Every structure is written in C-alpha cells, then in structure tokens.
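1. below are the sequence and a predicted model; questions follow.
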Amino acid sequence: AKVAAVDALLAEVHSPERKAQVERERRRAEEEAAAEKKATLQANSDAAKELYRQKQAERRARKAKAAATPAPAPAPAVGSAVGSEGGSAVAAPAPHKQQKTVLDELAVFEHVEHEPMVPPPGAAAVFEDHACELHGISIDTNGTRAITGGEDGSAYVWDVSYPICVTKQRLEAHSEVVAAVAMTEDGRQVATAGRDDMVVLWVEEGRSYKNILTLKGHTSWVSSVVFSSGGHYLATGSYDETARVWSCSSGKELAMFHDDDVSNERGKPFVYDVAFSYDAKRLLVGGRDGVGRIWDCNVEDTFYVAKLLISLETHQSAVLAVAWSADAKRVATASKDRTCKVYSAKSGRLLSVLKGHEGQVTSIKFYPADGRRMPDGRLAPPVSLATASRDATIRFWRVAPETRGLDPEEGSKWNATCGAILRGHADRISGVAFDATGASLVSCGFDRTAIVWDVQQSCRLGTEEPPEPSLDDATVDAPTVGGVR
C-alpha cells in the first residue's frame with residue numbers, strides 16, 4: 001500500500017497537469033515581481049517629472065513677472081540738475097547688466113535672420129537650420145546624410161553639402177525636447193527619442209521619411225538611442241533607470257536592463273547613454289552613478305535572460321557617454337569628472353585614462369566604427385578616438401601604433417595621446433559622430449549649429465599644446481533631478 005501511495009504521488013508530481021500548474025505559479029510570481037519593480041520605477045519617474053514641472057513653472061512665472069515689470073526710467077545724464085535748485089551734478093548709475101533669458105517653451109524657438117556662418121578652421125561645412133540648442137547627432141556610412149535633434153521638439157535630416165548643408169526633411173512627432181537621435185549605416189532608418197518618454201522609428205520611403213513605429217515602455221525621459229549594426233535592433237536608455245532593446249521590425253521590447261544593486265548615493269541612477277557591441281550581443285550602459293556596465297544582450301537566444309557581465313571602474317561623477325570599439329575588444333566611458341577611461345571589454349581591466357578637457361565630457365567615439373577587416377580577416381582595432389566637451393572643444397586622441405593591434409588581455413599598455421584640439425563651436429558640444437571612412441566628423445552643440453569637420457585638415461591645424469586640466473569640486477557633484485544637461 002505504501003509503495004502504491006508513493007507511486008501515485010510521483011505520478012501526480014510528474015503529471016502534465018501538475019507541471020502546468022507549477023509553471024503557472026512561477027509565471028505569476030515573475031509577473032508580480034516585474035509589476036512591483038515597474039511600480040517602483042514609475043513612482044521614481046513621477047517624482048522626477050513633478051520636480052521638473054515645478055522648476056519649469058517657476059521659470060515661466062519669473063519670465064512673466066519680468067515681462068510685466070515696466071522698464072526703468074532713463075538715468076539722468078552726468079552733470080544734470082537733479083534734486084536741488086543749485087543744479088548739483090549727479091553721477092549716472094552704473095548700467096544694469098541685462099540678464100540672459102531662458103527659453104523654456106517649445107513655441108518660443110523662432111528662426112532669426114542672420115548671415116550664414118563661415119566654417120571655422122578645419123571645418124568643411126555647417127548646418128544652421130535649427131532655431132534651438134542641439135542634443136544629438138548621427139551620420140550615415142558614406143558621410144552624405146546626417147540627423148540632429150533639438151530643444152524645439154523636432155529633428156532635422158540633412159544632406160552634407162559644402163559649405164552650407166541643406167535640410168532634407170524636418171521630423172515632427174514629439175511633444176517635448178528631442179534628446180537623442182540615431183541613424184543606420186545606410187541612412188534608410190532613423191530614430192528619435194524625447195523627453196515625452198517615447199521613441200519614434202522612421203523609415204525612408206521614396207524621398208521622405210515616414211513614421212512607422214512608436215516605441216512606448218519607458219516611464220521617463222529617453223536620454224539615448226542607438227541602432228545595432230545592420231539596423232535590426234534599437235537600444236535606448238532612460239531616466240526611468242533602465243536600458244531597453246527593441247526589435248526594429250515589430251517594435252517589440254526584447255529586453256530590459258536594470259541593476260537592483262545600483263547605488264543611490266548620487267541620486268536616482270538615471271541611464272545617460274548606451275552602446276552596442278558590433279555583433280549586438282552585448283550592451284554597454286552608463287549612468288548617473290558613475291559606473292559603466294556591460295550586459296549580456298544576446299536576445300536571439302531562445303532562453304535569453306538579462307545578465308550583468310561586468311561593472312567597470314567607477315568615475316568620480318556621472319558617466320555621460322559610452323562607446324564600443326568595432327573590434328569588440330575595448331570600451332570607453334566619458335564623464336562629468338572631465339576624464340575618459342578605456343577598458344578591456346572582456347575583463348573590464350582599465351587600459352588608459354584620457355585627461356585634458358576643461359569641462360564635462362559629453363560624447364566619445366572610436367574610429368574606425370564600421371567593422372572593417374584587416375588583410376588577415378580580423379576586425380580592425382581603433383586607431384583614434386574623438387571626445388567632445390562642455391568646454392566647446394573636440395579632442396582627437398591618437399592610439400600609439402605599437403599598441404593598436406595588441407590584445408588587451410595580454411597585459412600590454414594601451415595608450416592614446418591628444419593629437420589635435422578643434423575649436424569652432426560657441427557653446428557646449430553635445431555630440432560627435434564619425435562617418436565610415438573617417439574623413440569626416442560631425443558635431444553639434446548648444447550654439448544651435450552642427451559642423452562637418454575635415455578630419456585630416458583639422459588635425460593639421462589643431463596641433464597646439466592642450467591646456468592643463470583644472471578639476472574642481474563643482475564638476476563631480478551629481479546632477480539634480482531637473483538638471484538634464
């Protein structure tokens with residue numbers, strides 16, 4: 001009887017009905033955990049948004065008050081008779097310094113007629129059709145078409161022509177600032193991401209781009225967007241503390257990355273930038289906590305589960321930009337602490353620290369970036385990097401020839417030195433990008449301008465000695481919730 005009871009119990013445990021019940025319970029538990037995590041992230045996002053709205057309301061109130069205040073009476077001239085019958089001389093007061101107004105409404109951005117900008121030394125062309133600050137830039141493989149996103153909620157696709165670039169199409173789908181843009185190698189697909197929590201995918205049909213997909217899932221501002229090589233996947237980073245990977249064909253969310261153990265010492269751990277490895281099997285994520293993280297991103301695996309592979313050495317402040325070399329062996333991070341770091345992508349070992357910028361480093365890119373191969377079939381290693389900063393300069397870093405082809409795991413000392421400094425923007429630079437040939441580099445900034453640089457000419461002209469870095473405590477403070485710069 002006991003044996004029969006045991007057999008019956010085993011049969012029940014291994015029965016299809018019992019297995020199905022166990023699977024349903026497991027899925028229910030996972031769904032509850034995911035719902036709880038999403039609710040927590042949503043609460044954090046709502047708090048950040050509310051604080052931002054309050055700050056925007058305060059700015060608008062100050063602006064309205066300033067507009068309603070009558071202009072002061074003109075100051076009396078020096079030597080005029082004021083306040084006495086004797087006509088004593090009264091000195092004119094010092095002129096009031098005009099305060100810079102802050103543009104905080106999408107509707108206030110209007111084009112101002114001005115003379116076309118003359119390309120600065122080393123530049124081949126400029127693009128000035130935006131009437132607002134620019135937040136992101138991307139260029140196709142051939143260096144013939146680029147896209148920029150701006151503070152006015154629109155993005156421009158433009159043809160690279162000399163000396164003035166020409167608008168191909170203005171893309172309008174966002175209700176708030178376009179914070180990031182991306183373009184595939186062939187220029188047929190572009191993506192725009194905004195502070196309205198949305199990502200919009202556009203595809204070229206005929207002579208114009210059509211909005212084919214709107215990706216919704218992030219619960220706060222989307223701060224970065226990037227295509228995988230080939231344009232099959234799209235990765236995004238957000239202030240909701242997550243990075244996500246999407247299918248470009250279906251718009252389906254394939255993976256979400258969030259480290260539950262991330263530190264909150266510097267505030268909410270916003271994600272500022274993401275980068276795919278060339279084979280799109282790993283994702284590099286950088287954020288407010290100053291740590292770069294490499295995640296397993298092989299979403300083609302049938303049993304894929306998001307897995308954190310490596311946490312890189314911490315910066316003194318937030319990581320604002322990340323990059324992955326095309327040979328998949330090195331990754332780089334750029335930080336508010338005015339430095340960039342290059343690591344082994346396999347082990348996370350620190351290879352080099354690049355110092356010299358006098359402001360926060362906002363963008364970093366390896367060259368080559370197109371996965372070209374050497375005669376022996378290996379992917380070509382990086383020969384240079386470009387970094388951009390809030391100090392309004394771009395720096396080219398030349399990798400020492402003797403260290404270019406060495407494996408980072410062989411213990412070799414990888415080294416890069418500043419070979420040129422490009423000056424042409426009048427305000428902070430928000431993004432840079434190489435074309436596939438490396439002949440052109442595009443940049444954009446808060447001066448409402450995008451510049452196409454002739455790399456060889458720029459390097460010849462910008463060879464002066466770089467200034468000594470001057471770090472101060474203000475640059476390593478974590479940004480405020482409302483500080484989106």
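-> Ah, there it is. Numbers count the residues shown, from 1 in each chain.
2. and L284, how far from D327?
-> Counting by CB to CB, to the nearest Å, the gap between L284 and D327 amounts to 14 Å. No exception for glycine: its C-beta is placed from N, CA and C like everyone else's.
3. surely E172 meets D152?
-> No. Between E172 and D152 there is no contact under CB atoms under 8 Å: 9.4 Å.
4. about what we covered before: between L284 and D327, which has more neighbouring residues?
-> The neighbour comparison of L284 against D327 (other CB atoms under 10 Å) goes to L284, with 28 against 23.
5. low-confidence bits of the stretch 151-300 of the chain, can you list those?
-> Along the stretch 151-300 of the chain, the model assigns pLDDT under 70 to no residue.
6. same thing but at 80, please
-> 163, 263-267 (pLDDT under 80).
7. neighbours of K210, how many?
-> If you count neighbours by other CB under 10 Å, K210 ends up with 11.
8. E172 and D152: which is more packed in?
-> Under the neighbour definition other CB under 10 Å, E172 and D152 were set side by side, and D152 has more, 23 against 14.
9. verify the contact between that one and D129 for me.
-> No. Contact between D152 and D129 fails when scored by CB under 8 Å: they sit 11.2 Å apart.
10. shared neighbours of the two, anything?
-> Common neighbours of D152 and D129 are not found (criterion: CB atoms under 8 Å, 6 or more residues apart in numbering).
11. sec struct for A29, please.
-> Following DSSP: H, G, I helix; E, B strand; the rest coil, the label given to A29 is helix.
12. brain fart, L201
-> On the three-state scheme (three-state DSSP), L201 is labelled strand.
13. same question for S458, what's its three-state structure.
-> helix.
14. for T192, that is, sorry about that
-> Using three-state DSSP, the structure places T192 in strand.
15. how about it, what does it touch?
-> Counting by CB under 8 Å, 6+ apart, T192 touches 147, 149, 155, 171, 173-174, 178, 180-181, 199-200, 202, 225.
16. now rank those residues by neighbours and give me the top one.
-> G149 (33 neighbours).
17. pretty sure that one sits against E176.
-> No. Using CB under 8 Å, G149 makes no contact with E176, being 11.3 Å away.
18. overlap of the contact sets of these two?
-> G194.
19. at which residues are the helices of the stretch 301-450 of the chain located?
-> Under the criterion DSSP state H, counting those that start in this stretch, helices of the stretch 301-450 of the chain are mapped to 401-404.
20. tell me what V274 is bridged to.
-> V285 (DSSP bridges).
21. tell me the contacts of it?
-> The neighbours of V274, taking CB under 8 Å, 6+ apart as the test, are 224-226, 235-237, 243, 283-286, 322.
22. out of these, which end up buried?
-> With burial judged by 16 or more other CB atoms under 10 Å, the buried subset of the contacts of V274 is 224-226, 235-237, 243, 283-286, 322.
23. using a markdown table, please lay out these together with distance to V190.
-> Output for the buried ones among the contacts of V274, formatted as a markdown table (distance: CB to CB, whole Å):
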| residue | distance to V190 |
| --- | --- |
| S224 | 15 |
| V225 | 10 |
| V226 | 12 |
| A235 | 15 |
| T236 | 14 |
| G237 | 18 |
| A243 | 20 |
| L283 | 20 |
| L284 | 22 |
| V285 | 22 |
| G286 | 23 |
| V322 | 21 |
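24. of those residues, which belong to strands?
-> If you go by DSSP state E, these have 224-226, 235-237, 243, 283-286, 322 in strands.
25. touching, V322 and A275? I think so.
-> Yes. Taking CB under 8 Å as the definition, V322 is a contact partner of A275 at 4.8 Å.
26. which residues are in contact with each of these two?
-> 284, 331.
27. and R170, how many neighbours?
-> Applying other CB under 10 Å, we find 14 other residues in the vicinity of R170.
28. helix, strand or coil for it?
-> With three-state DSSP as the basis, R170 sits in strand.
29. gap between the nearest residue to V319 once chain neighbours are set aside and Y343?
-> Spatially, and ignoring its direct neighbours in sequence, V319 is nearest to G286 (3.3 Å; CB to CB, 6 or more residues apart in numbering). Distance of G286 to Y343, given as CB to CB: 12 Å.
30. who touches both of these two?
-> The contact sets of G286 and Y343 overlap at 292, 333 (CB under 8 Å, 6+ apart).
31. show me which residues of stretch 253-270 are buried.
-> Neighbour counts over stretch 253-270 (16+ other CB under 10 Å) mark 254-259, 262, 266-270 as buried.
32. surely K346 touches V331?
-> No. At 9.8 Å, K346 does not count as touching V331 under the criterion of CB under 8 Å.
33. between those two, which has more neighbouring residues?
-> Shown here are K346 and V331; by other CB under 10 Å, V331 has more neighbours (28 against 16).
34. so that one touches L312, yeah?
-> Yes. Using CB under 8 Å, V331 makes contact with L312 at a distance of 7.4 Å.
35. which neighbours do those two have in common?
-> Common neighbours of V331 and L312 are listed as 292, 294, 343 (criterion: CB under 8 Å, 6+ apart).
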